[in-house]
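Undergrad: dropping the sequence and predicted coords here.
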Amino acid sequence: LYPFKDGAFAVRDGWYVAAWSHEVGRDLMERWIVGEPVVLFRRQDGTAAALSGRCPHRHYPLAAGVLKGDELTCGYHGIVFGADGRCLRVPSQDRAPARYGVRAYPLVERWKWLWIWMGDPALADEALIPDHAAIGLDDTAPLGQGRVAEPINYALVKGRYQLLNDNLLDLSHLSYLHAGNIGMGEIAQTLDDVTFGETWVRSHRLVKDAAPPKLRQPALDDGVRLDRLIDFTFHLPGLHVGLERSSIAISDPDRPGEAISDSIVYHAVTPGTADTTHYFFAMAVHETDTPGGAARRFEAVRRSIGAVLDEDIFATEQIERMITALDPPPRDMMVRSDAAVVRGRAMLQAAMDAETARAAS
Ligand code: FES
Ligand SMILES: [Fe+2]
């Protein structure tokens, strides 16, 4: 699947965000992940479970069944499954053959995410989930450096997941796609410094002495200029963590270097089907960042961020429309600002190649 090799869709041996914690309860919920239907729910003790969402009998969606206690009954002909996926009863016969069971996916609840592992369960090591203390999300310790984090948005995007990853790996788009809110012209002209490891790609960019983005202008004095740090890390296979820090330009005679904002954004990109993607957005801010504290800041973010995310979703869906209408899909041209895109794609392709090699051995 474009932009990957033929036959390569998505990394399977990796943790993806399947849902926000608050989305999953005692109602059965279907969500397609890496091309497979998954049914999500909570057991009576509150722990979340993820099973294959298709009844093996006649492919009825298990999310259209009934959950009673920890047993899920298919809504078509009544085959009963445990929360571990085992087949417990078949109404018309005495025996419940093991082959009638459905797959249970490893699922881990951390912070306010539910992380799912779609690949080989033997490889599902929780240590591979990005370190929540290191990225400013921690359940137990007070959030790193006095930050408060909140889920902000979920969207089902009608486009393949890599278009969204590419979007987040190439932030030069802020200057154009988001010119009316968070963009600054200088972002696209400032080349990012790209570093990478086997499981991450980092894009670091410092924009100096630039006019503030439109969204910030009302709160700032006329003529004030900003320095802005944008430092994003893409963690294999689908989490982008971005640190954004703005301050009054160091060249300002009155308030040089004064902090304006300091936040971390989290974009989780989870492949759905070949042309749909789950897009989760969260944010962490400093309690002291805004008069009125974090609650006020989140309120403002919730009001303003929708327009920004809609622009990214628009771009993704429109590009999906272009490339699916053309056969074969067009090749894209790389420019200098694409270093992180190239690295990010290479990282995912290498992980997919490694899976293929494991499957063959
Ligand atoms: S389709 Fe589920 S029991 Fe028949
Ligand atoms: Fe964007």
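TA: Yep, it's here. Residues are numbered from 1 along each chain as shown. Ligands and ions are numbered 1, 2, ... in the order given.
Undergrad: any low-confidence regions in the stretch 201-350 of the chain?
TA: Across the stretch 201-350 of the chain, the ranges flagged by pLDDT under 70 are 288-291.
Undergrad: mind checking the SS state of the residue sitting nearest the centre point of the chain?
TA: Computing the C-alpha centroid of the chain and ranking residues by C-alpha atoms, centre = their mean puts A268 first, at 1.0 Å. Three-state assignment for A268 (DSSP: H, G, I helix; E, B strand; the rest coil): strand.
Undergrad: ok, now how distant is it from L236?
TA: A268 sits 13 Å away from L236, going by C-beta to C-beta, to the nearest Å. The way it works is simple: take the backbone N, C-alpha and C, and place the C-beta from them, glycine included.
Undergrad: what does the helix or strand harbouring E30 contact?
TA: Here E30 sits within strand 29-33, counting by DSSP states H and E. Outside of strand 29-33, the residues within contact range by C-beta atoms under 8 Å, 6 or more residues apart in numbering are 16, 18-19, 23, 37-41, 53, 61-63, 116, 118, 270-273, 276, 278.
Undergrad: and it, which strands flank it?
TA: strand 36-42 (antiparallel) (DSSP bridges).
Undergrad: now the partner strand - C-alpha only, CSV.
TA: Extracted in CSV, the C-alpha atoms of strand 36-42 (Å, rounded to 0.1, in the frame of the first residue of the first chain):
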residue,chain,number,x,y,z
GLU,A,36,-9.2,-6.4,11.5
PRO,A,37,-12.5,-5.9,13.3
VAL,A,38,-12.0,-5.7,17.1
VAL,A,39,-14.7,-5.6,19.8
LEU,A,40,-13.8,-3.7,22.9
PHE,A,41,-15.5,-3.8,26.3
ARG,A,42,-14.9,-4.0,30.0
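Undergrad: by contact count, what packs against the helix or strand that it is followed by?
TA: Going down the chain from strand 36-42, the next helix or strand is strand 48-52, by DSSP H and E. Packing contacts for strand 48-52, counted by 3 or more C-beta pairs under 8 Å, 6 or more residues apart in numbering; DSSP states H and E, involve strand 36-42, strand 107-110, strand 113-117.
Undergrad: what pLDDT, on average, does the first one get?
TA: Same thing as strand 36-42. Computed over strand 36-42, the mean pLDDT rounds to 99.
Undergrad: hang on, the earlier thing: which ones are touching the residue nearest to the centre of the chain?
TA: 16-17, 113, 238-240, 278-282.
Undergrad: check these against ligand 1, which are close?
TA: Among these, not one lies near ligand 1 by C-beta under 6 Å from any ligand atom.
Undergrad: out of the residues you listed, which comes closest to ligand 1?
TA: Minimum distance to ligand 1 across those is 25.5 Å, recorded for H278 (C-beta to the nearest ligand atom).
Undergrad: ok, that closest one - contacts?
TA: H278 touches 17-18, 31, 33, 154-157, 268-272, counting by C-beta under 8 Å, 6+ apart.
Undergrad: same check on R89?
TA: If you count contacts by C-beta under 8 Å, 6+ apart, R89 has them with 79-80, 96.
Undergrad: ok, and the most crowded of the residues you listed?
TA: Neighbour counts for these (other C-beta atoms under 10 Å) peak at I79, which has 24 neighbours.
Undergrad: show the pLDDT at L143.
TA: At L143, the predicted lDDT confidence score is 51.
Undergrad: what parts of the protein come near ligand 1?
TA: Residues of the chain lying near ligand 1 by C-beta under 6 Å from any ligand atom: 55, 57-58, 60, 74, 76-79.
Undergrad: neighbours of D312, how many?
TA: Close neighbours of D312, defined as other C-beta under 10 Å, add up to 21.
Undergrad: grab the nearest non-local neighbour of it.
TA: Nearest non-adjacent residue to D312, counting by C-beta to C-beta, 6 or more residues apart in numbering: N167, 5.4 Å away.
Undergrad: ok, R255 next?
TA: Spatial nearest neighbour of R255, excluding adjacent residues (C-beta to C-beta, 6+ apart): I248 at 4.5 Å.
Undergrad: the one you found: neighbouring residues, count only.
TA: 20.
Undergrad: then R99?
TA: Count around R99 with other C-beta under 10 Å applied: 6.
Undergrad: circling back to that earlier point, looking at the contacts of R89, which is nearest ligand 1?
TA: I79 (3.9 Å).
Undergrad: about what we covered before: and the residues of the chain next to ligand 1, which of them are buried?
TA: 55, 60, 74, 79 (16 or more other C-beta atoms under 10 Å).
Undergrad: assign E244 to helix, strand or coil.
TA: Secondary structure, three-state DSSP: E244 is strand.
Undergrad: do the same with L168
TA: Classification of L168 by three-state DSSP places it in helix.
Undergrad: by contact count, what packs against the strand or helix carrying S247?
TA: S247 is part of strand 239-248, with elements assigned from DSSP H and E. Helices and strands touching strand 239-248, by 3+ C-beta pairs under 8 Å, 6+ apart, are helix 161-169, strand 226-235, strand 259-271.
Undergrad: deepest in the core, which of these is it.
TA: helix 161-169 (a mean of 24; mean count of other C-beta atoms under 10 Å).
Undergrad: residues touching the residue nearest to R255, list them.
TA: 224-227, 255-258, 260.
Undergrad: same question, A149
TA: Counted by C-beta under 8 Å, 6+ apart, A149 has contacts 111-112, 136-137, 143, 264, 266, 282-284.
Undergrad: swap in G306?
TA: Applying C-beta under 8 Å, 6+ apart to G306 gives the contacts N153.
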